[in-house]
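# build me a model:
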Amino acid sequence: MTKLQALQEQYSKAVGRLSEILLEKKSDIIRDSAIKRFEMAFDLSWKLTKTYLEERKGLVVRSPKECFREAYQTGLIDYDDFWMQMTDWRNESAHTYNEKFSNMLYAQLPEVLKRFQLLQQHIQKD
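Okay, here's the model as predicted:
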């Protein structure tokens with residue numbers, strides 16, 4: 001199994017787990033669990049994208065934002081700044097705890113999930 005295939009498998013599981021938790025009725029525990037699952041899926045999304053760009057496109061990227069910029073350039077993901085916003089959310093969620101922010105992020109997770117699923121589909125097609 002290649003590194004890309006292993007990451008695809010891990011990413012698929014992480015996206016599935018995020019999808020699963022978003023089906024549950026919201027509570028503080030569900031919200032916090034969903035945010036943690038977002039963090040894991042996000043980390044795998046950029047590592048998967050980084051590996052894809054290296055193995056399939058010969059590009060070297062070093063950070064999540066650089067990675068998503070290159071993914072835009074290569075047509076792997078559609079251009080908008082939602083992925084950049086997700087990067088900021090990931091950093092904030094991992095380093096600070098704020099109830100208002102947590103509720104805002106939780107409300108965004110269905111849209112985040114759509115982006116994760118689209119990335120998964122695009123990488124699988126290529």
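# which positions in stretch 78-86 come out as buried?
82-83, 86 (16 or more other CB atoms under 10 Å). (C-beta placed from N, C-alpha, C; glycine too.)
# okay, those in a markdown table with pLDDT next?
What follows is those, written out as a markdown table (pLDDT from 0 to 100):
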| residue | pLDDT |
| --- | --- |
| F82 | 96 |
| W83 | 96 |
| M86 | 97 |
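# tell me the contacts of S102?
By CB atoms under 8 Å, 6 or more residues apart in numbering, the contact list for S102 reads 31-32, 35, 93.
# actually, Y79.
For Y79, the contact set (CB under 8 Å, 6+ apart) comprises Y72.
# so how far is G58 from it?
From Y79 across to G58, the span is 21 Å (CB to CB, to the nearest Å).
# mind listing the helices for this structure?
3-22, 28-57, 64-73, 82-95, 99-125 (DSSP state H).
# any idea which residue sits dead centre in this protein?
Per CA atoms, centre = their mean, the C-alpha nearest to the average position across the chain is that of F42, at 2.9 Å.
# and the closest residue to that one other than its chain neighbours, how many neighbours?
Counting by CB to CB, 6 or more residues apart in numbering, F42 lies nearest to R90, which is 4.6 Å off, once chain neighbours are set aside. Using other CB atoms under 10 Å, R90 is surrounded by 21 other residues.
# and Q120, by the same measure?
Neighbours of Q120 under the rule other CB under 10 Å: 19.
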